[in-house]
Structures are given as C-alpha cells and as structure tokens.
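Student: predicted model and sequence below, questions to follow.
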Amino acid sequence: MRVLLRNSPTGEYFQLGNRWTNDSKLGHDFGTGAEAMEVAQSLGKRQLQMVFSFDDPSYDVIIFLDGRPTVREERHRTDPAPPRDTRRQKTYEQ
C-alpha cells in the first residue's frame, strides 16, 4: 500500500519539490497518513485527497482533505443516530 496526495481538480499526484504528476506510480509515497496530512497542511491547498493506493485500484481508499464533514460528523451534527432496524432481530426470535 502507498499513501499519496492528489489534487482533486487536476487529478495530479504530489511529488517531492512541490512538483505534480499525472502518473500515480510517480507520486511520492508518504508511508503513513500522518506524514501525508502534515505535508497537505503545509501546501495550503484546499482541494486535496489522501489516497491509500493498492496494487488493485478497486481497493483504493480516498479521503477528501477539503474540510467537508465525513458522514459520521454530518450525522452527529444534524441528526440523532438512525433508528435501529429490528426486523432482523424479530426473525431470530421466532
């Protein structure tokens, strides 16, 4: 697994020396999310993504670093937890 920073609007990946590339294989591997976050903050760009990149791209995990709330934060801020679905529980009781 590699940890990369990607510019959301351009799709380019960060390289050392504040250079960017379209090829994810040439993007700098930060090794950890913490390292990537530190550099992302120093860049000061608003539309970045942290990409946990795997050999098979279908397993890639993308985290937006643009300040938008995550699903959990959004729900916590606006609504209580969704009601629990008890239908499955009833089928086990029967």
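Tutor: Ah, there it is. Residues are numbered from 1 along each chain as shown.

Student: from here on, just use CA atoms for contacts and neighbour counts.
Tutor: Noted.

Student: quick one: residues contacting the spatially most central residue of the chain.
Tutor: By CA atoms, centre = their mean, the mean C-alpha position of the chain lies nearest to I63, the distance being 1.0 Å. Counting by CA atoms under 8 Å, 6 or more residues apart in numbering, I63 makes contact with 49-51.

Student: low-confidence ranges, the protein, go.
Tutor: Along the chain, segments meeting pLDDT under 70 span 67-94.

Student: could you pick out the longest helix of it?
Tutor: helix 33-43 (DSSP state H).

Student: ok so, going back, taking the contacts of I63 one by one, which sit in strands?
Tutor: 49-51 (DSSP state E).

Student: reformat those as JSON lines; add distance to P57.
Tutor: Shown next, in JSON lines, are the ones in strands among the contacts of I63 (distance: CA to CA, whole Å):
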{"residue": "Q49", "distance to P57": "15"}
{"residue": "M50", "distance to P57": "14"}
{"residue": "V51", "distance to P57": "10"}
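
Student: which one of the contacts of I63 is nearest M37?
Tutor: Comparing the contacts of I63 against M37 with CA to CA places M50 closest, at 7.8 Å.

Student: separation between the closest one and D29?
Tutor: M50 is 11 Å from D29, where distance means CA to CA, to the nearest Å.

Student: returning to what we had before: partner residues bridging the residue nearest to the centre of the chain?
Tutor: Beta-bridge partners recorded for I63 (DSSP bridges): M50.

Student: for the protein, which segments count as helices?
Tutor: Using DSSP H, helices in the chain cover 33-43, 71-78, 87-93.

Student: what's next to the first one, contact-wise?
Tutor: With CA under 8 Å, 6+ apart as the contact definition, helix 33-43 has outside contacts at 3-5, 30, 48, 50.

Student: so how far is that helix off the chain centroid?
Tutor: Centroid separation between helix 33-43 and its chain, computed with CA atoms, centre = their mean, to the nearest Å, is 13 Å.

Student: and it, what's buried?
Tutor: 33, 36-37, 40 (16 or more other CA atoms under 10 Å).

Student: need those residues in CSV (columns: distance to G11).
Tutor: Shown next, in CSV, are the buried residues of helix 33-43 (distance: CA to CA, whole Å):
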residue, distance to G11
G33, 19
A36, 16
M37, 18
A40, 15
